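Enquirer: Have a look at this fold, sequence not included:
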């Protein structure tokens, strides 16, 4: 009885609002609905209001009366088959088929998009047909849903929506994301139907109507990502139970998650999804919204050749990106709340615990007032000190949250310098936190450079301890910098700024001193970052045949790994059978890898200095190492690396990460060696076999000519 009274009150309030002489007020209708289901007899009017369809747009022509599309017969056949399953009266079927064909034909002609049977458009039309509106109204509603709520590129397995969803899953549940990655279960395999149809193809008709009733009220195109996230994360325990079985069982489970959704579940499901939305940094929305939603002229349904910058950014992001603007806004709000200048609100957004990973000299020249300093170089140079510093970081975060400090936040945001060469250690550290399955890990886009630029021309307003005389960003941007400007590290200062408002300051002082150690060595070593602790720190030189019985850089090295990155500048290839080719050249993957001179090929990822990675194959010939990246085109590869084996100086990795192999190349410079290039390949399997094959060819070349140096 109580539910009937609520529905009666809702219906009366909506009827009154729709009949207002001053016109229908959208905000008033949203205030009345409050996330509730809409009465069936008012749904057509309310949905059109939500979708921006008015009397004028509804009267616009649907399209040409000439049905002459390529594949028109297939389109008509699909409409007929689809209508037969709607359960309408027989006399209505002809009219519905006509409307569907008219809408789809008009849409294809007006946008230039080709119809495909699996594009999901008919499933999108299914809930709209129940509104029983005119063909013009149906067309405008359909067009509005596609434009404003269906992400672009949803029929492409490598489409932008699926890379964004993986970033969201990695942010909220890195353990589950890692498991699915290891099984090669991409989001496309289980949530493409959800994105293409707003769950209309997965839920029963009544549940779809209830879901869309509430969905349109939020007016948030990204909500579909968080709905999918809520379903997948909620099924984690079920996935874990069958993780050792065939991956097809996991895919089938994930695909079926929305099937059991009932109309009465919607009022709980949508708020849970909204909780994930508000618990996610909003920067990714600003970065990708224009690439996902909006004008149909840029739609890429079914396109597999898109190389949009947005897709590349999402595909190769190490973790969730956060803009400098969002980070500064969050810090300012947190400080205002901490000082009781403002009270927390529901739209406060996320709060960050900022981890500044720059070298100590850069940190001491200016940093965010709430930042915890973590010297990333310690990860390789002093692992014990680094482990201690990380424990201090986590304890600091816990204490900051406990006392309500402005520095407290559940979301970790790592800050680098913004310069690719210097941020190699930063990416290593972020990777280590992700491997620990740490949730809510993000990386500041553009690093400290972006913060400094945003705060210019008066960075002191938002930074602590800023010293323009030694601040690297100020030095770089200074109109007439002095050539004699010293670049030595300033005296180390004990870090205490972050401890303001915390219960235990002594703890932070001790860790602040620990994590600033050993950073002076980083100057002048842009490429030589990975060093095997077992190898002498003396000058490197060419390996000669006379060294055969001595220790070599390649032999008896521990199978070790570190996730560092490298200079992208490749050496040019030399002609000769499969050794011929130009970096950037497109080749047939199968044909290239099957050439007789290719001694072995290994599936891998090429790891860049920025943390980006490119999937492809590492190949070895008797004289060279190649990297062939996979492209969006089937069986197409792009040559990205071509190095002479004779230029290899050292092959290293780290014990904790044996899958990432680092190659350093160089040339003679007196009695020492100049490191000129560095490549890193991540091989989840066969890393030992890959290194063994490379070593074998190098040793064979040494044996062939004892006067031929490896360079």
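Expert: Arrived safely. Only a predicted model underlies this, so the values are computations on that prediction, with no experimental measurement involved. Residues are numbered from 1 along each chain as shown.

Enquirer: pLDDT score for residue 344?
Expert: On pLDDT, residue 344 comes in at 50.

Enquirer: what's the answer for residue 704, then?
Expert: For residue 704, pLDDT reads 75.

Enquirer: from here on, count from 28
Expert: OK, 28 is where the count begins now, so the last one is residue 731.

Enquirer: quick one: it from residue 192, how far?
Expert: As defined by Cβ to Cβ, to the nearest Å, residue 731 lies at a distance of 52 Å from residue 192. Every C-beta, even on glycine, is put in place using the N, C-alpha and C of the backbone.

Enquirer: out of the two, which sits in the busier spot?
Expert: Each of residue 731 and residue 192 has its neighbours counted (other Cβ atoms under 10 Å); residue 192 has more, 27 against 10.

Enquirer: what about stretch 209-226, distance to the chain center?
Expert: 16 Å (Cα atoms, centre = their mean, to the nearest Å).

Enquirer: Next: stretch 263-274.
Expert: Using Cα atoms, centre = their mean, the offset of stretch 263-274 from its chain centre is 24 Å.

Enquirer: So what would you say the end-to-end distance of that stretch is?
Expert: 14 Å (Cα to Cα, to the nearest Å).

Enquirer: Give me the buried positions along it.
Expert: Across stretch 263-274, burial judged by 16 or more other Cβ atoms under 10 Å covers residue 266.

Enquirer: what does that stretch rub up against?
Expert: 200, 202, 203, 206, 207, 210, 211, 212, 276, 277, 280, 281 (Cβ atoms under 8 Å, 6 or more residues apart in numbering).

Enquirer: helix or strand for the last one, which one?
Expert: Taking DSSP states H and E as the criterion, residue 281 maps to helix 274-282.

Enquirer: which helices and strands does the following helix or strand past that helix pack with?
Expert: For helix 274-282, the following helix or strand on the C-terminal side (DSSP H and E) is helix 293-305. On a contact count with 3 or more Cβ pairs under 8 Å, 6 or more residues apart in numbering; DSSP states H and E, helix 293-305 meets helix 232-245, helix 250-261.

Enquirer: heading toward the C-terminus, what's the first helix or strand past helix 293-305?
Expert: Downstream of helix 293-305 (by DSSP H and E), the next one is helix 310-319.

Enquirer: State the next helix or strand along the chain beyond that following helix.
Expert: Helix 310-319 is succeeded, C-terminally, by helix 336-343 (DSSP H and E).

Enquirer: Paired strands for the top strand by length along the chain, with orientation please.
Expert: Secondary structure of the chain per DSSP state E: the longest strand is strand 684-696. Each strand paired with strand 684-696, and its direction, by DSSP bridges: strand 675-681 (antiparallel), strand 699-709 (antiparallel).

Enquirer: what ranges of the stretch 528-677 of the chain fall below the confidence cut-off?
Expert: Where the stretch 528-677 of the chain drops to pLDDT under 70, the residues are 528-608, 636-638.

Enquirer: Which residue ranges of this structure form strands?
Expert: Here the chain has its strands, by DSSP E, at 347-349, 379-383, 399-400, 438-442, 468-471, 613-615, 627-634, 640-647, 651-657, 663-671, 675-681, 684-696, 699-709.

Enquirer: which one of the ones you listed lies closest to residue 259?
Expert: Residue 259 lies closest, by Cβ to Cβ, to one member of the strands of the chain: strand 347-349, at 16.3 Å.

Enquirer: Return the list of helices and strands in contact with that closest one.
Expert: helix 187-199, helix 310-319, strand 468-471.

Enquirer: related to what we said a few turns ago, any chance of TSV for the contacts of stretch 263-274, columns pLDDT?
Expert: As requested, those are arranged in TSV below (pLDDT from 0 to 100):
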residue	pLDDT
200	96
202	95
203	96
206	95
207	95
210	93
211	94
212	96
276	95
277	96
280	96
281	96
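
Enquirer: Span of stretch 458-472 from start to end?
Expert: End-to-end distance for stretch 458-472, by Cα to Cα: 16 Å.

Enquirer: next one: stretch 277-291
Expert: End-to-end distance for stretch 277-291, by Cα to Cα: 27 Å.

Enquirer: Need the helices and strands packed on helix 293-305 in TSV (columns: distance to residue 621, mean neighbour count and mean pLDDT).
Expert: Below are the helices and strands packed on helix 293-305 laid out as TSV (distance: least, Cβ to Cβ, whole Å; neighbours: other Cβ atoms under 10 Å; pLDDT from 0 to 100):
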stretch	distance to residue 621	mean neighbour count	mean pLDDT
helix 232-245	49	21	94
helix 250-261	39	22	96
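
Enquirer: Dump those helices to TSV, plus distance to residue 649.
Expert: Listed next are those as TSV, based on distance: least, Cβ to Cβ, whole Å:
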stretch	distance to residue 649
helix 232-245	60
helix 250-261	47
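
Enquirer: Of all those helices, which one is nearest residue 485?
Expert: Nearest to residue 485, of all the helices and strands packed on helix 293-305, is helix 250-261, at 37.6 Å by Cβ to Cβ.

Enquirer: Confidence-wise, which helix or strand of the chain is lowest on average?
Expert: In the chain, the helix or strand scored least confidently by mean pLDDT, DSSP states H and E is helix 532-541, which has a mean of 33.

Enquirer: Could you list the residues in contact with stretch 80-89?
Expert: The contact list for stretch 80-89 (Cβ under 8 Å, 6+ apart) reads 75, 129-130, 133, 160-164, 166-168, 171.

Enquirer: and these, which are buried?
Expert: For those, buried by 16+ other Cβ under 10 Å: 75, 129, 130, 133, 160, 162, 163, 164, 166, 167, 168, 171.

Enquirer: Which member of those residues is positioned nearest residue 351?
Expert: The nearest member of the buried ones among the contacts of stretch 80-89 to residue 351, counting by Cβ to Cβ, is residue 171 at 34.0 Å.

Enquirer: Skipping its backbone neighbours, what lies nearest that closest one in space?
Expert: residue 78 (4.1 Å; Cβ to Cβ, 6 or more residues apart in numbering).
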